[in-house]
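K.L.:
Take this sequence and fold it.
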Amino acid sequence: MWNQESKDYRTNATVRTDAAPTPERRPGDAKDVRVATFGGSVLVKGEVTGSEDLTVDGRVEGRIELPDHQLTVGPNAMLQANIHAKIVTIFGSVVGTITARDKVEVRRGGSVEGTVSCARIAIQDGAHFCGKVDMKGERRPANDADSKTAMLALAPVA
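P.N.:
So this is what the prediction gives:
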């Protein structure tokens, strides 16, 4: 199989194949993207924790912990849960508290009722949101020169 010679009948040339077999991918490789999925018929009551991305299209009642990974709430999903993840993308329904280290996206047709705490949030036209948003992004400390200029601009002129 390896190091075979074969005849290319179109050009009447001999072709030598010295290709090495491709290495097998192992779990944990940088390019290995693993996503767990809960289908539409799955009901989870309790706590879900994981160290990979998760897509939920069923029901979850309880808590979801994915601190370094992404949670995708499918269009058929109904979650009554407290969620902690890096990124949360919502196409279905979530009632509860969402804490995202990076961002929360509520897509068209998605619904969120509760408190959202994140660095960035995007709510698409056609999405439903009812609750409170707490933006905890990194704030730049004010430069002393900038703050002095701003204070002078606000000072009354005599």
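K.L.:
Provide the strand pairings for the host helix or strand of residue 112, with the direction of each partner.
P.N.:
Element membership of residue 112, judged by DSSP states H and E, is strand 111-118. Strand pairing for strand 111-118, determined by DSSP bridges: strand 93-95 (parallel), strand 98-106 (parallel), strand 128-135 (parallel).
K.L.:
can you pull the buried residues of the last one?
P.N.:
For strand 128-135, the neighbour count (16 or more other Cβ atoms under 10 Å) marks residue 129 as buried. All C-beta atoms are positioned from the backbone trio N, CA, C, and that covers glycine.
K.L.:
swap in the shortest one?
P.N.:
By neighbour count on 16+ other Cβ under 10 Å, the buried set for strand 93-95 is 93, 94.
K.L.:
likewise stretch 70-90?
P.N.:
70-74, 77-79, 81-85, 87-90.
K.L.:
Nearest approach to residue 122 belongs to which of the strands paired with strand 111-118?
P.N.:
With respect to residue 122, and counting by Cβ to Cβ, the nearest of the strands paired with strand 111-118 is strand 98-106 at 4.7 Å.
K.L.:
As a check, name the ranges of all helices in this structure.
P.N.:
For the chain, the helices defined by DSSP state H occupy 144-154.
K.L.:
Tell me which other helices or strands the strand of greatest length in it touches.
P.N.:
Determined from DSSP state E, the single longest strand within the chain is strand 59-73. Counting contacts by 3 or more Cβ pairs under 8 Å, 6 or more residues apart in numbering; DSSP states H and E, strand 59-73 is packed against strand 43-49, strand 53-56, strand 78-90.
K.L.:
Out of these, which gets nearest to residue 106?
P.N.:
Residue 106 sits nearest to strand 78-90 of all the helices and strands packed on strand 59-73, at 4.8 Å, using Cβ to Cβ.
K.L.:
now the closest one against strand 111-118, angle please.
P.N.:
For strand 78-90 against strand 111-118, the angle by axes from the mean of the first three to the mean of the last three Cα atoms, to 10 degrees is 60 degrees.
K.L.:
ok, and for the strand holding residue 112, which residues are buried?
P.N.:
Going by neighbour count (16+ other Cβ under 10 Å), the buried part of strand 111-118 is 111, 112, 114, 116, 117, 118.
K.L.:
where does this structure dip in pLDDT?
P.N.:
1-33, 137-158 (pLDDT under 70).
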